[in-house]
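Engineer: Quick one, fold the following:
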Amino acid sequence: MRPVLLVIAHGSRDPRHAATVHALTGRVRALRPGLRVETAFLDFNAPAVPQVLSALYADGVRDVVALPLLLTRAFHAKADVPAVLERSRAALPGLSLRVADVLGPSPLLTDALERRLAEAGLRPADRSTTGVVLASAGSSDPEAIAAIAETAREWRHTGWCAVRPAFASAALPRTEDAVRALRAEGVRRVVVAPYVLAPGRLPDRIAAGAAAAGADLVAGVLGAAPEVARLLLRRYDAAALAPARLAALTA
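Structural biologist: Below you'll find the predicted structure:
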């Protein structure tokens, strides 16, 4: 039998967060009929990771791929997720746990960003005169910041006038500062593409910064975009073929 896919989201007090996560995992189920897909949260929302793993274990499941619903390998990926999984594995003898890689970077995420910009009203003919602010939640982890910057550099090569990273917290520049910097450089149209998976406090901060700086449009969060659902399955498939281990996020 195929391993169960356990999608681990961060969680939020904002009810839109959990609703978006469940919409995404629902799309994954639709893409892969027959695959058992469960959802758990690190904080704020139920069910918690140990609760779901204990329920799976009681149901006879012994093989699980845990997939962190995270875009970069920052603190949650390097510390929180491995720690909670290790505690559950120690408490559940015989449970085989594989940890899938985080979602980013991936061309599928860039495709999802493009989808959201098109849905917000950007036309293909606008690309060469449009600067994009790639606005992420932010992190104090240098590896995560570097990954966002690299994503922006790679995306710039697809025809945009400019692509600049920005952060809602923990790092600079802020969204509004990146928008204003592009305006000061003479970029005619500036749009903001939130590089976040679900609504919440930090995505709202991104939208507020974009509005304050006069961005021409703000795309929606990545959410349950088809490209994101396909990426989850790609990460699952790679992990399902690997030996059972918990070091995948820290190696």
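
Engineer: which outside residues touch stretch 173-190?
Structural biologist: Contact partners of stretch 173-190, identified using C-beta atoms under 8 Å, 6 or more residues apart in numbering, comprise 126, 129-133, 135, 161-162, 164-168, 192, 205-206, 209-210, 212-216. Heads up, the C-betas are built off the backbone N, CA and C, glycines and all.

Engineer: what about Arg230, neighbour count?
Structural biologist: Using other C-beta atoms under 10 Å, Arg230 has 18 neighbouring residues.

Engineer: any idea which helix or strand carries it?
Structural biologist: helix 226-240 (DSSP states H and E).

Engineer: hang on, the earlier thing: only whichever of the contacts of stretch 173-190 are buried, select them in ChimeraX.
Structural biologist: Only the buried entries of the contacts of stretch 173-190 go into this ChimeraX selection, using 16 or more other C-beta atoms under 10 Å:
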select :126,130,131,132,133,135,161,162,164,165,166,167,168,192,205,206,209,210,213,215,216
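
Engineer: Narrow the contacts of stretch 173-190 to those in strands?
Structural biologist: 130-133, 135, 162, 164-167, 192 (DSSP state E).

Engineer: farthest pair in these?
Structural biologist: Between any two of the ones in strands among the contacts of stretch 173-190, the greatest separation by C-beta to C-beta is 20.7 Å, found for Thr130 and Phe167.

Engineer: so where is the protein shaky, pLDDT-wise?
Structural biologist: 244-251 (pLDDT under 70).

Engineer: go with 80
Structural biologist: In the predicted model of the chain, residues 1, 243-251 satisfy pLDDT under 80.

Engineer: what residue lies at the spatial centre of it?
Structural biologist: Leu71 (3.7 Å; C-alpha atoms, centre = their mean).
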